[in-house]
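# Model the structure of this input:
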Amino acid sequence: SSSSSSSEDIVLTRLAGGFGLRIVGPRAESRVAGGAEGIFVAGVTEEPALSSPLRKGHQILAVKGALAVTRLENATQDEAQDVILNAGETVTFTVRWNPAGFAQYREQLSSAPDAKLQREGSVENYFSPGAPSSDTAQTHPHIHQKSGSGSGGSFLARLSGSRRKPSDV
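Okay, here's the model as predicted:
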């Protein structure tokens, strides 16, 4: 039985595509505003996560990799993604079933003000002279994510507002 206070450890070994998890968490700006906190599983997309007990609505409290344990209660989504991607091959996820916390979070993600997209769009223009104007970035945020699979593409996608969407790990 999983009460809201009990946590469990789930060990996953990374496959070629990662752990098959989609995570969501606060952006740096929303954390200051006293928004929702916590890193949550927003989807289970591939193995090895599909065969694990992890489900949408689990809060990831900590990640234990080869070198260290990192607590994620106060992490942003970008920080959590970096921790998980760099944790090593076999990682222990300490999770708690917390669908109420996840629901509050989803609501906050969908009601984020457009000003953040506009600002992040203009940041991208600074880095990439050929990028669409910030007006385009505001109305068509998906455009920037076609910039390729290289590290530069993902860097720009992160700046252009993809932090509103879950991250794959």
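# need the helices for the chain, in chain order.
For the chain, the helices identified by DSSP state H occupy 28-32, 77-85, 99-110, 114-127, 134-139, 151-159, in order along the chain.
# Now the last one: average pLDDT?
Read it as helix 151-159. For helix 151-159, the mean per-residue pLDDT is 43.
# do the same with the first one
Helix 28-32 shows an average pLDDT of 67 in the prediction.
# repeat for the second one
Along helix 77-85, the predicted confidence averages to a pLDDT of 96.
# In CSV, could you pull the C-alpha coordinates for stretch 93-106?
Only the C-alpha atoms of stretch 93-106 are listed here, as CSV (Å, rounded to 0.1, in the frame of the first residue of the first chain):
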residue,chain,number,x,y,z
PHE,A,93,15.0,6.8,-8.1
THR,A,94,13.5,7.5,-4.6
VAL,A,95,9.9,8.3,-5.4
ARG,A,96,6.6,9.0,-3.6
TRP,A,97,3.2,8.6,-5.1
ASN,A,98,1.8,12.1,-5.1
PRO,A,99,-0.9,12.6,-7.8
ALA,A,100,-2.3,15.7,-6.0
GLY,A,101,1.1,17.5,-6.2
PHE,A,102,1.4,16.5,-9.8
ALA,A,103,-2.1,17.8,-10.6
GLN,A,104,-1.4,21.2,-9.1
TYR,A,105,1.7,21.3,-11.2
ARG,A,106,0.0,20.6,-14.5
